[in-house]
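# With the input below, show me the fold.
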Amino acid sequence: MITVLAGGVGAARMLAGLMQVTDPSELTAIVNTGDDLVLHGLEISPDLDTVTYTLAGAIDPERGWGLAGETWQAMTTLGRYGGENWFNLGDQDLGTHLYRTARRHAGATLTEVTAEIAAAWGLGLRLLPMTDDVVRTMVTVEDEGEIGFQQYFVGRQHAVAIESVRFDGVESCAPGPDVLAALAEAETVVIAPSNPIVSIGPVLAVPGIRSALEKRRDDVVAVSPIIAGAALKGPADAMLAALGHESSAVGIARIYAEVAGTLVIDEADAHLAAAIEAEGVRCVVAPTIMSTPERSASLGRIVLDSIGSPA
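Residues are numbered from 1 along each chain as shown. Prediction:
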């Protein structure tokens, strides 16, 4: 079994590549839920939905989130009434949130609902929320104070300077019911190329997860989301710099050094390999930009081969 720690877009592409080179039934993704929010009375899980829609082949390819062929009539009507419409929810996408919310109100856990949604889309792998408890990523921004992650990321278009990040509720949460077993039973654990601060950070902060990886770090391989000092998409590079980390593959190696024995970096950063290995992390250089399904599959093979997992 292969277990992947996952955020949104980058993780979804990584998972899509892995599904091409290994049996999907042997794949488990532990997905960040720190980005989750309740809006209009609906429970919304952006990273879980991005992974689901991507692997189902239903994602909007231009936006990288939401469903292809989406319409926005509900948001238009909401705006007419002066309602809160800064966070766009497409008409099809609303069906997912309505279902999740109804099932949660009926007593189902987030893990149970996620499995039902994944089955409805015909996904062959197992998706696990990192926890069934409420954890919220909070961002302190300059001149404004602390706001929710989606307010920062979507509402402010991640264009404001940040001062700190914290995961509200993480200290008292429990890992999802199958999460620790998925880490213990995996032949290989992969840390997807997601934002290390706000996508992987909340997962590692769930009690028990970091320590589980530390005990088997030689079987853990991370893929750097930073290429030539920058993130391909999103604010990871700016966030790293603002919080005192180096925005480079070396900075990623330092962040993951205690939990991952191997780091896969892009060819553009090949000159950093020696510096990464000086941090005690084995370095593998490969093309890591997953711009096509074929390139995602190629990276999946490289990741698995990097520590000898069967593909």
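# What segments of the stretch 201-311 of the chain are strands?
Along the stretch 201-311 of the chain, the stretches classed as strands by DSSP state E, counting those that start in this stretch are 220-223, 226-227, 230-231, 262-266, 282-286.
# Would you mind giving these as TSV with mean pLDDT added?
Below are the strands of the stretch 201-311 of the chain laid out as TSV (pLDDT from 0 to 100):
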stretch	mean pLDDT
strand 220-223	98
strand 226-227	97
strand 230-231	93
strand 262-266	98
strand 282-286	97
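# Adding distance to Ala11 and mean neighbour count, write these out as TSV.
Glycine gets a C-beta too; all of them are placed from N, C-alpha and C. TSV is the format used below for these (distance: least, CB to CB, whole Å; neighbours: other CB atoms under 10 Å):
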stretch	distance to Ala11	mean neighbour count
strand 220-223	9	27
strand 226-227	15	22
strand 230-231	14	16
strand 262-266	14	25
strand 282-286	17	19
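# Same list as before, these that is, but in JSON lines and with distance to Arg166 included.
Output for these, formatted as JSON lines (distance: least, CB to CB, whole Å):
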{"stretch": "strand 220-223", "distance to Arg166": "23"}
{"stretch": "strand 226-227", "distance to Arg166": "22"}
{"stretch": "strand 230-231", "distance to Arg166": "21"}
{"stretch": "strand 262-266", "distance to Arg166": "26"}
{"stretch": "strand 282-286", "distance to Arg166": "31"}
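# Arg295: what's it in contact with?
Residues in contact with Arg295, defined by CB atoms under 8 Å, 6 or more residues apart in numbering, are Gly17, Pro287, Ile289.
# And the nearest residue to Ala236 once chain neighbours are set aside, how far from Gly10?
Leaving aside its sequence neighbours, Ala236 sits nearest to Asn195 (CB to CB, 6 or more residues apart in numbering; 4.2 Å). To Gly10, Asn195 is 8 Å away according to CB to CB, to the nearest Å.
# just Pro225 next, same as before
Distance of Pro225 to Gly10, computed by CB to CB: 6 Å.
# Pick out whichever of the two has more residues nearby.
Comparing Pro225 with Gly10 by other CB atoms under 10 Å, the one with more neighbours is Pro225, at 28 against 25.
# The more buried one: what's it in contact with?
Pro225 makes contacts with Gly10, Pro193, Ser194, Asn195, Pro196, Ala231, Leu232, Ala236, Ile252, as judged by CB under 8 Å, 6+ apart.
# Any chance of the contacts of Arg295 in CSV with neighbour count as columns?
Shown next, in CSV, are these (neighbours: other CB atoms under 10 Å):
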residue, neighbour count
Gly17, 24
Pro287, 13
Ile289, 15
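# could I get these as TSV with pLDDT?
Shown next, in TSV, are the contacts of Arg295 (pLDDT from 0 to 100):
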residue	pLDDT
Gly17	96
Pro287	97
Ile289	96
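# Between these, which sits nearest Glu116?
Nearest to Glu116 among the contacts of Arg295, counting by CB to CB, is Gly17 at 25.4 Å.
# Go through the helix or strand containing Arg103 and flag the buried ones.
Element membership for Arg103, per DSSP states H and E: helix 91-105. By neighbour count on 16 or more other CB atoms under 10 Å, the buried set for helix 91-105 is Asp93, Leu94, Thr96, His97, Tyr99, Arg100, Thr101, Arg103, Arg104.
# ok, back up a step: please identify every residue contacting each of Pro225 and Gly10.
Shared contacts of Pro225 and Gly10 (CB under 8 Å, 6+ apart): Pro193, Ser194, Leu232.
# And the closest residue to the last one other than its chain neighbours, how far from Leu263?
Using CB to CB, 6+ apart and skipping the chain neighbours, the partner closest in space to Leu232 is Ile289 (6.8 Å). Using CB to CB, we find Ile289 at a distance of 16 Å from Leu263.
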